[in-house]
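J.: requesting a structural model of the entry that follows:
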Amino acid sequence: MPLSIFIKSMPILFLALLFFSQVVFAQKTNHVFEPKGNLDCFYKKIYSASQRKEFYPFAESDSIKLVSFRYHVNGIAIRKDSVIADSIVEEKWLSKEDIWKLTDILYNNFFKARPNYGVTNQCFTPRNAILFYNKLGKLVESIVICFHCENYKASSAEIKMGDNCTEKIEKIRKLFISKDIIFGTDPKILSYPGETFRTD
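T.: Numbering: from 1, shown residues only. Next up, the predicted model:
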């Protein structure tokens, strides 16, 4: 090949080599970081009712309440240690049997195969919560839930929720419905009257 032709073809060769290297690198990266695991739940009664009661915050709680509230983008009804009462739509105290059911959902449902990557969901428009009160009737912890997004946020890193497997949030939703907490539990309803989604 004449030198002049070789020199003219160098940019094309360089681009071809660059593209090839990127394809190979991408394939290697995908192979190395390919997520593994199974997010589905399987139920196994590993923890008894008395053992489950020892998990935080159940061990520190004298009473537990389920609530629903209207979503507001500037702040939700559940604060660190208080509740904006006029924002609450529905509320129900849990019986001892109800608490057993809740802890059974949280602690006896496990990943079928534990994933090797984090499970995150950025969507979060909560309308429901589990509230934990001490013997003095003071709110000490909470778990705020968005059933539409299938996501939740605990008020403390100390709160133990068990494996975040797929069907767990649905089981919690059915518990809310069984206690006549209806507001916020229908994933098909995207907004309710009186809610705000804009900051201006």
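J.: so what's the nearest residue to residue 61 once chain neighbours are set aside up against?
T.: Leaving aside its chain neighbours, residue 61 sits nearest to residue 132 (4.1 Å; criterion: CB to CB, 6 or more residues apart in numbering). All C-beta atoms are positioned from the backbone trio N, CA, C, and that covers glycine. Shown in contact with residue 132 (CB atoms under 8 Å, 6 or more residues apart in numbering): 57-58, 60-61, 64, 139-142.
J.: distance between the host helix or strand of residue 132 and the chain's centre?
T.: According to DSSP states H and E, residue 132 maps onto strand 128-133. Distance of strand 128-133 from its chain centroid, counting by CA atoms, centre = their mean, to the nearest Å, is 15 Å.
J.: sorry, back to before: and the residue nearest to residue 61, what are its bridge partners?
T.: residue 64, residue 141 (DSSP bridges).
J.: strands of the chain, residue ranges please.
T.: 38-43, 63-69, 88-93, 109-113, 128-133, 139-146, 151-154 (DSSP state E).
J.: please identify the most buried of the ones you listed.
T.: strand 128-133 (a mean of 23; mean count of other CB atoms under 10 Å).
J.: pull the number of nearby residues for the closest residue to residue 62 other than its chain neighbours.
T.: Take residue 62 and drop its neighbours on the chain: the residue closest to it by CB to CB, 6+ apart is residue 135, 4.4 Å away. By the criterion of other CB atoms under 10 Å, residue 135 has 9 neighbours.
J.: could you report the separation of residue 135 from residue 60?
T.: 10 Å (CB to CB, to the nearest Å).
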